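J.: Would you be able to build a 3D model of this:
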Amino acid sequence: MTLRRLLLCLSLSMACVWSKPTEKKERVHHEAQLSDKVHDDAQSFDYDHDAFLGADEAKTFDQLTPEESKERLGKIVSKIDDDKDGFVTVDELKAWIKFAQKRWIFEDVERQWKGHDLNEDGLISWEEYKNATYGYIL
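T.: Numbers count the residues shown, from 1 in each chain. Below you'll find the predicted structure:
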């Protein structure tokens, strides 16, 4: 009986050692994309515009003339240049892109909140959430 148990334990141990995991787990955390547009500078700069300006602001720039766009971008560049030396460093540009993305996220949260707070009391009840999300009648 002990030999049978030993063989059973040995065979189970070998099965565990030789078995392969069934799913591949990603070990690298990838940050969210800065835009939902394709990042291909050979085709267009839409991805870069979204990353640099934020999606909503990029839409307004699409409707401007080249002169108006250049003027507005000049104003934005002076906001990006934190140390006011007339140049934008990589760190200043990274900080600006993070700022633009966070601003877009906060504005989107605010928009979503207003869409779910149906009675405008500053709170979202479960009933309000269900109604706004799934179309239930309160």
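J.: Okay, Leu93 and Phe61: tell me how far apart.
T.: Distance of Leu93 to Phe61, computed by CB to CB, to the nearest Å: 17 Å. In short, each C-beta sits where N, CA and C put it, glycine included.
J.: whoops, Ile76 was the one
T.: According to CB to CB, Ile76 stands 10 Å off from Phe61.
J.: ditto for Asp121
T.: Distance from Asp121 to Phe61, by CB to CB: 37 Å.
J.: neighbour-wise, which of these two wins?
T.: A direct count of neighbours by other CB atoms under 10 Å for Asp121 and Phe61 places Phe61 higher, at 15 against 9.
J.: picking up where we left off before, what's the overlap in contacts for Ile76 and Phe61?
T.: Here Ile76 and Phe61 have Leu53 as joint contacts, going by CB atoms under 8 Å, 6 or more residues apart in numbering.
J.: just checking, what packs against the longest helix seen in the chain?
T.: When the chain is scanned for its longest helix (criterion: DSSP state H), the result is helix 90-116. Using 3 or more CB pairs under 8 Å, 6 or more residues apart in numbering; DSSP states H and E, the elements in contact with helix 90-116 are helix 46-53, helix 55-62, helix 66-80, helix 126-134.
J.: mind redoing it with 6 Å?
T.: Contacts defined by 3 or more CB pairs under 6 Å, 6 or more residues apart in numbering; DSSP states H and E place helix 90-116 against helix 126-134.
J.: Tell me which residues of the helix it packs on come out buried.
T.: 128, 132 (16 or more other CB atoms under 10 Å).
J.: Convert the C-alpha atoms of it to PDB, please.
T.: Listed next in PDB are the C-alpha coordinates belonging to helix 126-134 (Å, rounded to 0.1, in the frame of the first residue of the first chain):
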ATOM      1  CA  TRP A 126     -28.400  53.000  -7.700                       C
ATOM      2  CA  GLU A 127     -31.700  53.800  -9.400                       C
ATOM      3  CA  GLU A 128     -30.300  56.800 -11.200                       C
ATOM      4  CA  TYR A 129     -27.300  54.700 -12.300                       C
ATOM      5  CA  LYS A 130     -29.500  51.900 -13.600                       C
ATOM      6  CA  ASN A 131     -31.700  54.300 -15.400                       C
ATOM      7  CA  ALA A 132     -28.800  56.300 -17.000                       C
ATOM      8  CA  THR A 133     -26.800  53.200 -17.900                       C
ATOM      9  CA  TYR A 134     -29.400  50.600 -18.800                       C
END
